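> Any chance you can model this:
(chains A, B, C and D, ligands or ions: 4)
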Amino acid sequence: MSISTQTKLDMLRAMLLARQFEETLTELCRQPGKIHGMMILATGQEAVGAGVCAALSPEDVILTNHRSHHHLLARGADPKALMAEIFGRRTGCNKGKSGTLHLAVPEVNALCTTTIVGGGFPIATGLGFAQQYQKQEAVTVCFFGDGATSEGSFHEALNLAGLWRLPVIFVCENNGYAAAQSYAEHTPVESLAARADAYGMPGECVDGNDAPSVLEATRRARERALAGDGPTLIECMTYRWRGHGETDPQHYQPAEEIAAWKERCPIARLSGFLQASGELSDAELEDLRASAAAIVTEAVRFAEESPWPEPEEALDDVWAE
Amino acid sequence: MSISTQTKLDMLRAMLLARQFEETLTELCRQPGKIHGMMILATGQEAVGAGVCAALSPEDVILTNHRSHHHLLARGADPKALMAEIFGRRTGCNKGKSGTLHLAVPEVNALCTTTIVGGGFPIATGLGFAQQYQKQEAVTVCFFGDGATSEGSFHEALNLAGLWRLPVIFVCENNGYAAAQSYAEHTPVESLAARADAYGMPGECVDGNDAPSVLEATRRARERALAGDGPTLIECMTYRWRGHGETDPQHYQPAEEIAAWKERCPIARLSGFLQASGELSDAELEDLRASAAAIVTEAVRFAEESPWPEPEEALDDVWAE
Amino acid sequence: MQMLGMGQAVNQALREEMQRDSRIFLAGEGIGVGIHDSPMMPTYGLLEAFGPERVKDTPVSEAAIAGLAVGAAAGGLRPVVEVMFNPFFTLASDMIVNHAAKLRYLSGGKTSFPLVVRIKSGAGFGAGCQHSHNLEAWVAHCPGLKVVMPATPADAKGLLKSAIRDDNPVVFIEDMGLYFAPAEVPEGDYSIPIGKADIKRPGTDVTLVTWSKMLGVAMQAADQLAREGVDVEVVDLRTLTPLDTETILSSVRKTGRLVVLHEANRTGGFGGEIAALVMEQAFDALKAPLRRVTGPDIPVPASPPLERFYIPDAGQVIAAIKELL
Amino acid sequence: MQMLGMGQAVNQALREEMQRDSRIFLAGEGIGVGIHDSPMMPTYGLLEAFGPERVKDTPVSEAAIAGLAVGAAAGGLRPVVEVMFNPFFTLASDMIVNHAAKLRYLSGGKTSFPLVVRIKSGAGFGAGCQHSHNLEAWVAHCPGLKVVMPATPADAKGLLKSAIRDDNPVVFIEDMGLYFAPAEVPEGDYSIPIGKADIKRPGTDVTLVTWSKMLGVAMQAADQLAREGVDVEVVDLRTLTPLDTETILSSVRKTGRLVVLHEANRTGGFGGEIAALVMEQAFDALKAPLRRVTGPDIPVPASPPLERFYIPDAGQVIAAIKELL
Ligand SMILES: Cc1ncc(C[n+]2csc(CCOP(=O)(O)OP(=O)(O)O)c2C)c(N)n1
Ligand SMILES: Cc1ncc(C[n+]2csc(CCOP(=O)(O)OP(=O)(O)O)c2C)c(N)n1
Ligand SMILES: [Mg+2]
Ligand SMILES: [Mg+2]
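Numbers count the residues shown, from 1 in each chain, chains lettered A, B, ... in the order given. Ligands and ions are numbered 1, 2, ... in the order given. Alright, predicted model coming up:
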């Protein structure tokens, strides 16, 4: 399977946007009173969202978690609506009910998002089951972290997905940490992908900072799913540049470790590759950066100028009519 | 490791007692009004309880489930107190609070029993942790069925036990069914023992109808645990001769399948072996049978003659003082 | 009219609804091939009727079953899943409480989760407290979930239809004791609205609020008291949330006296909610203290005399009512 | 006297108890190495003080953590485990409700499970309903569990010591909002009995029953009303089960009026239990209807104005009390 220049540029664009979006959030968190609640960023992990989403078609469903911005932006969610939600404004994609942690964007088939670690697994099997039941030409992607694989729901859901051959792609974003706990402190085996064996599904480990590798693994898994061959577990090896959240001083992450991974920046990697191959000029790269910056500036402006919800609006949206 | 004649005879004795105990319960269930509630028997699976318990020392702890009679009898629980509990009498080992489903016999280090399928896994890690923490020369055995491995608790607990190298032996009694569901209908991989890989612990599959094999596997696991090398998963392949419970008509179990497994009766196997090797005479076997029968008769008599608890005794035993 | 146990009534509702709407599927442990061979059971014969695509036997995985429902509902289906016994609700509770109930709200109303979780409940079958633990009060404390607890087969059929047609997650709790007590059930399609209590016996002297299997105990007590000249109004809630406050309040405004009867443990039971409602909104009408008749604050024991002690009976209800007169 | 936030008070209790009894160990997610660098957090510095044998950081596995406590307690230890946020209690609930609470009863009293489950709870930190969901009413509905919910750092220290020394499973719920409000805490060893409410402000006109963080709201309302000549008695439950019925009842017998204040959702909240208790046992003393001031029946929303709307405030309490006078 070859990857078109267009697709590579799309991935780069998605990564630049996510990076810009989240670095701006880092800045905003330093300004007192701007952002309320937790702020959990995926800076450095952008290739996972970009690579996976580049392999999907619009009918496919994604299910993400507390660290979702890069997934949702790569999937095409409106940055203004996301930013406004993060700011808690009425114009946010979830009217302020969700905040940054459970951003749901059904418009791009991110039907729901859960910040219960491991909560996505069983729901993904349900979404995949609905696709299988309705004979849809579509798959479900479930994004999760390495820490989430310690939850019982991982096991129950992967067992069921393997048993029923559901069209689900389980995408593990192994960033080396579950909050302050390093991988080796929470899991006694070297590879999470190898756990796929226990569920009769293929497991694949890819360089999660290389968007093309992520894309290709996802394409393979998607074809398998559409052919009726069931789920796949993809482990994307990546790294969390920032703390678990923006208030985390990251004491437990060795400085050299962070530095080494920054050397492997997924954006520099793809842009460097595209420049080397002549698919991207310096000027074009600058344009892409500028356009990402403009989009984020506009999103922040939109969010800041948006009204707060009225207090009583808290009462809405519990019940469907 | 060799197995002494004495140990083999002990295993045979335990199996004969369990068989007699449970066949008597089958009979009693046919007599209206004798037994209340569910009746779940392990007829045909006796080698698992006998083989495992023969490898343990008194300090070791066992944790069993809804199908517990053969484990508890092999462990040395008083048949009278068990029978009285099954009859719901005040003299039962749990004063009628438990009934047949959650028989707890702390006297033989069966500290608690759960009929929540999968409930034993996390508790076993806790028991193993207590042994490790207190530097005891003892292990914890967790008995469970093939169906229980579909619970999330299996995964969480085995991950933790593997991570902390807890002295726990996870003994899967794979009898081919989880209630009415056959193994292949609930698990998409051929071997449960292979799932041990996912937790960094050894997994071993043994003939669960051969008590000596079960004993030897348990001994190996126990030594590993005591040496600080952590948990082991042992899968004992066996078969449930009767329905899930005594009211189950077993429609889903092919008659030939049942017949084939009855050919592989664990008791006939061990007694035949002992007779062939000259370790057991016909007369001695008859004695063993007769003594098992006498014990069970006495247990039934004891239970039937025991008083019911007074209704208000229901209020006791909730709280420790 | 046909005489059906509640299991059969549930079965009929499932059958008719599945015929009507192909988006409905069932999932649970042993709901297709089961260990029971009885036509009194709620999913009896449905596998044969609708095939393994729509009647899904699952592994022993309560969280996966509940999550299957959540995801499938988001994906356009209308799942009806079963929790085998009420205590196992704990294992499914993250999916039901943190997901089914909240994800719509979290989306700002953009998604909905039309699913039904059927729970088999109730004491009385000798299996002890890991199989018998009435937890309806938990579910009723979760905004985003509706809680239905029918007391008669006819109500069960009509309420289950409404639950299946509802666009919200509905927890539908069936007391297994009712499976084996046939009563009249209308043939064919009808539905009973969620959120409407039913006065099963009008009366003037005291309001007896109850639900599920305890309705039978309530009616027995009321019949007995009628012979003694006491006229009890029996209000069968049928739905705990949304609660039909109007029916409760107008009954108490009429009788001035309230007894609440439930099988669940006393402390923290839903009886407290009824008490609070009445004390808030019908205080002036009250002529006497409240009495609650409930399971005691103990786990459900297994032995027959102990378990009988646990389950409230008509004698206790009669005594409680007499204290108020 | 030392001024400590509730997290620090909890920390001090843990430290002193761990020094006293080597059977005590801690387990939970991020309780050792954490993402917070603040001495205001309850387990700050304990890993350094007691080492990784006794302060166990666990994988993200709530059922395993709770089960670890159950098994370790049966095996002779005295575990204190943490549930990071109250909604995650669902994931641990089978172990706590079906096992910790019931296994002693099921054994006929032969075993005991001396363990503490600390749960961090409360709305107000902008994380939304999957992190904020007050579920104390669930736990209080489970015989075999004690439920402690301190409102002040001093109470937290003394109550946690009692919880750790108790031979029963105790669920100890800490509202995180209280971590950052220092108050006086006695130095050294003292304990406060479980099952005893505390009158935080004596008064004659109305009884205001509350617990945990809402005590602050209650005191604020009482102070304001005092200036208007209304004398409020504030009863801080401290323990939900076993409930100190005597203190509640004698207060209501004195004042004749009852307001219950809790942050949890209204329907099915523990306020109902207080209402039922009073209506059963102090009916004749009542001069006015009940008022409940609670979180509304919605999930906790994330956006600041919406979340503020969720959390009960003194204005609502004052309005409720005025309705009764
Ligand atoms: C059920 C549950 N337990 C604990 C948490 C708290 N928590 C939030 S994120 C997180 C770590 C998750 O690690 P991982 O899955 O690797 O994802 P990452 O944060 O690294 O992206 C934890 C423990 C939670 N949100 N839900
Ligand atoms: C959590 C839970 N879910 C479901 C059940 C009902 N149940 C009891 S035994 C059983 C089958 C268990 O199968 P397996 O683990 O293979 O044990 P076996 O009965 O074959 O010994 C089921 C589903 C239960 N007791 N607990
Ligand atoms: Mg991670
Ligand atoms: Mg089995």
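> got the phi/psi numbers for the closest residue in space to C:Pro289 that isn't next to it in sequence?
Leaving aside its sequence neighbours, C:Pro289 sits nearest to D:Phe283 (CB to CB, 6 or more residues apart in numbering or on different chains; 3.6 Å). All C-beta spots, glycine's among them, are computed from the backbone N, C-alpha and C. In terms of degrees, to the nearest 10, the main-chain angles of D:Phe283 are phi -50, psi -50.
> what residues are up against the most centrally placed residue in chain C?
For chain C, C:Met149 is the residue whose C-alpha lies nearest the centre (CA atoms, centre = their mean; 1.7 Å). The neighbourhood of C:Met149, defined by CB atoms under 8 Å, 6 or more residues apart in numbering or on different chains, consists of C:136, C:172-173, C:175, C:211-212, C:237-240.
> what stretches of the chain score poorly on pLDDT?
Assuming you mean chain A. A:1 (pLDDT under 70).
> Within range of ligand 3, give me the residues from it.
Residues of chain A lying near ligand 3 by CB under 5 Å from the ion: A:145-147, A:175, A:177.
> Among the residues you listed, which one sits closest to A:Val117?
Nearest to A:Val117 out of these is A:Gly147 (CB to CB; 6.3 Å).
> what does the model give whatever residue of chain C ends up closest to ligand 4 for pLDDT?
Chain C approaches ligand 4 most closely through C:Val60 (9.4 Å), counting by CB to the ion. Looking at C:Val60, its pLDDT stands at 98.
> and it, what is it in contact with?
Contacts of C:Val60 by CB under 8 Å, 6+ apart are B:117-118, B:147-148, B:150-151, B:178-179, B:186, C:29.
> returning to what we had before: ok, the residue nearest to C:Pro289 to A:Leu28 distance?
For D:Phe283, the distance to A:Leu28 (CB to CB, to the nearest Å) stands at 56 Å.
> The closest residue to ligand 3 within the stretch 51-200 of chain A: how many residues sit nearby?
When scored by CB to the ion, the stretch 51-200 of chain A has A:Gly145 as its residue closest to ligand 3, at 3.5 Å. Here the number of neighbours of A:Gly145 (other CB atoms under 10 Å in any protein chain shown) works out to 24.
> In strands, which of the contacts of C:Val60 appear?
Mapping the contacts of C:Val60 onto strands (DSSP state E) picks out B:Ala178.
> if we can go back for a sec, and the residue nearest to the centre of chain C, how far from C:Ala100?
Counting by CB to CB, the gap from C:Met149 to C:Ala100 is 18 Å.
> C:Tyr44 now?
26 Å.
> So those two - more neighbours on which side?
The residue with more neighbours, out of C:Tyr44 and C:Ala100, is C:Ala100; 30 against 19, by other CB under 10 Å.
> mind listing what the more buried one touches?
Listed by CB under 8 Å, 6+ apart, the contact set of C:Ala100 reads C:66, C:69-70, C:73, C:113, C:115, C:117, C:144-145, C:169.
> Excluding sequence neighbours, find me the nearest residue to it.
With CB to CB, 6+ apart as the criterion, C:Ala100 has its nearest non-adjacent residue at 4.0 Å, and that residue is C:Pro169.
> I'd guessed that neighbour sits against C:Val148; true?
No. Contact status for C:Pro169 versus C:Val148: not in contact, 11.3 Å apart, counting by CB atoms under 8 Å.
> So what's the residue count around C:Val259?
C:Val259 has 27 neighbours, counted by other CB under 10 Å.
> element containing it?
strand C:258-265 (DSSP states H and E).
> next one: A:Cys172
Counting by DSSP H and E, A:Cys172 is part of strand A:168-174.
> quick check, that strand touching chain C?
No. In terms of CB under 8 Å from any CB of the partner chain, no part of strand A:168-174 sits within range of chain C; the closest distance is 9.4 Å.
> other SSEs contacting that strand?
When contacts are defined as 3 or more CB pairs under 8 Å, 6 or more residues apart in numbering or on different chains; DSSP states H and E, strand A:168-174 packs onto helix A:46-54, helix A:120-133, strand A:140-145, helix A:152-164, helix A:211-226, strand A:232-237.
> Can you name the residue of chain A nearest chain B?
Nearest residue of chain A to chain B: A:Gly152, at 1.9 Å (CB to the nearest CB).
> That residue touches A:Gly118, doesn't it?
Yes. With contact defined as CB under 8 Å, A:Gly152 reaches A:Gly118; the gap is 7.4 Å.
> contacting residues for A:Met48?
To be clear, residue A:48 is Val; Met isn't right here. Applying CB under 8 Å, 6+ apart to A:Val48 gives the contacts A:42, A:70-71, A:143, A:171, A:173, A:208, A:214, A:236, A:238.
> near chain B, which residues of the stretch 51-200 of chain A?
Residues of the stretch 51-200 of chain A lying close to chain B by CB under 8 Å from any CB are A:150-156, A:159, A:162-163, A:185-189, A:194-195, A:197-200.
> just to revisit the earlier point, of the contacts of A:Val48, closest to ligand 4?
Using CB to the ion, these come closest to ligand 4 at A:Val171, 33.1 Å.
> ok, that closest one touching A:Gly51?
No. Contact between A:Val171 and A:Gly51 fails when scored by CB under 8 Å: they sit 9.3 Å apart.
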